[in-house]
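> After the sequence you'll find the predicted model.
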Amino acid sequence: MGILLAAAYASLAAWLWLTLAQGMFWRTDVRLPPRTAPARWPSVAIVVPARDEAEVLPRSLPSLLAQDYPGAAEVILVDDGSTDGTADLARCLAGELPGLPLTIVSPGAPDPGWTGKLWALRHGIAHARTARTAEPEYLLLTDADIAHEPDSLRELVAAATSARLDLVSQMARLRVATYWERLLVPAFVYFFAQLYPFRRVNRPGGRTAAAAGGCVLLRTEAAVRAGVPDSIRQAVIDDVSLARAVRRSGGRIWLGLAERVDSVRPYPALGDLWRMVSRSAYAQLRHQPLLLAGTVAGLVLVYLVPPGALFAGLALDRPSVAWAGGLAWLLMAGTYLPMLRYYRQPAVLAPLLPFTALLYLLMTVDSAVLHYRGRGAAWKGRTYARPRDA
């Protein structure tokens, strides 16, 4: 019984620390910083890596072509070996819709040691920098499943120029429509913010660095100084690696939640979300078994012990155990509520976070199993080598 009480109090202590001392990760009010229109709008190249994206392109590409941007801007779609007619569809969409000019480039298969997305970004950025007389001052790196409101680029550039930021990234609002999306998607962003508290990321000179790869505005000069994407060519977690490279080179970065940038990619079934997480979860742990063991133990202590202690304490008539577990569970649910509100989901989902965390724990373990079977980091027909083998 002493072990159960100790676990309950340890979990409660963890939640008190997370709530009060982890950069207020649970708050969802980190939006684009105060901004004013620049005296001169800088030129921008929008680079979109795309591999077999015909399903989502009709809802995302038109939103980029329709950007209401006062300066010079263009869209460069990098067709990364698609077999579903992505490039042809993009040409049709651009032909039917007025707006920004569209260029489509096809770099071919990635060289050894490169992930597909970073290989595509490398060629898109290179094209943007060499195809015109003057290279663009900013690069908007955005995924093919991300839809932007017409003022998205204008607001991103205004934020970057007003605050003198080298990298501005918004966590796109992911689709939440099916049961599994409602259960797992808000928690995904909640866990990300817990790992990389936005306020710490945005602190000048801070040690925490992260970005959201679906929407990254990057100063071209900062990209050159950081040597990206070449310096991070093996990265599976490319957005976090990008932010770290920019910060290491002296750049100022910012990360927050989006208001008018949305992912249109559906994850209707549990298997879809499972594959999305398991393909990169072990890479996030740097393929280290000790980090995996620590993560599993941490998830159990922080998310599974509270309900277990509450029910065990009630069943065994141990009020102190039940009280500690119940209070920890209450703090957990309370810090999750702002993210549920951001995603316009009912508060009844908050107490289910332990179950959701259990699913993520299993996805993480599955990611490690796939890695050691040689099938880790698999995405759209590609399986990337372990870093030591690349």
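That came through fine.

> Run through the strands of the stretch 201-350 of the chain in chain order.
215-219, 253-263 (DSSP state E, counting those that start in this stretch).

> Looking at the longest one now, give me its mean pLDDT.
With pLDDT averaged residue by residue, strand 253-263 scores 96.

> Within its sheet, name the partner strands of it and how each one runs.
The strands beside strand 253-263 in its sheet (DSSP bridges) come out as strand 146-148 (antiparallel), strand 167-173 (parallel).

> relative to strand 215-219, how tilted is that strand?
140 degrees (axes from the mean of the first three to the mean of the last three Cα atoms, to 10 degrees).

> What number of residues are in the vicinity of T133?
4 (other Cβ atoms under 10 Å). Quick note: C-beta positions are derived from backbone N, CA and C, even for glycine.

> so which of the strands paired with strand 253-263 gets nearest V75?
Set against V75 and scored by Cβ to Cβ, these come closest in strand 146-148, at 10.9 Å.

> Now distance to R122 too, for the strands of the stretch 201-350 of the chain, in TSV please.
Conversion of these to TSV gives the following (distance: least, Cβ to Cβ, whole Å):
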stretch	distance to R122
strand 215-219	13
strand 253-263	20
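
> Just put those strands in JSON lines and tack on distance to H148 and mean neighbour count.
Below are these laid out as JSON lines (distance: least, Cβ to Cβ, whole Å; neighbours: other Cβ atoms under 10 Å):
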{"stretch": "strand 215-219", "distance to H148": "8", "mean neighbour count": "25"}
{"stretch": "strand 253-263", "distance to H148": "6", "mean neighbour count": "22"}
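
> Let me know which of these is the nearest to P354.
strand 253-263 (23.9 Å).

> that older thread, for the strands of the stretch 201-350 of the chain, which one sits closest to R132?
strand 215-219 (16.9 Å).

> and the helix or strand harbouring L12, what does it pack onto?
Assigned by DSSP states H and E, L12 falls within helix 2-21. Packing partners of helix 2-21 (3 or more Cβ pairs under 8 Å, 6 or more residues apart in numbering; DSSP states H and E): helix 305-315, helix 319-342.

> Of those, which is nearest D29?
Once Cβ to Cβ is applied to the helices and strands packed on helix 2-21, the stretch that comes out nearest is helix 319-342, at 8.2 Å.

> what is the mean pLDDT for the closest one?
For helix 319-342, the per-residue pLDDT averages 98.
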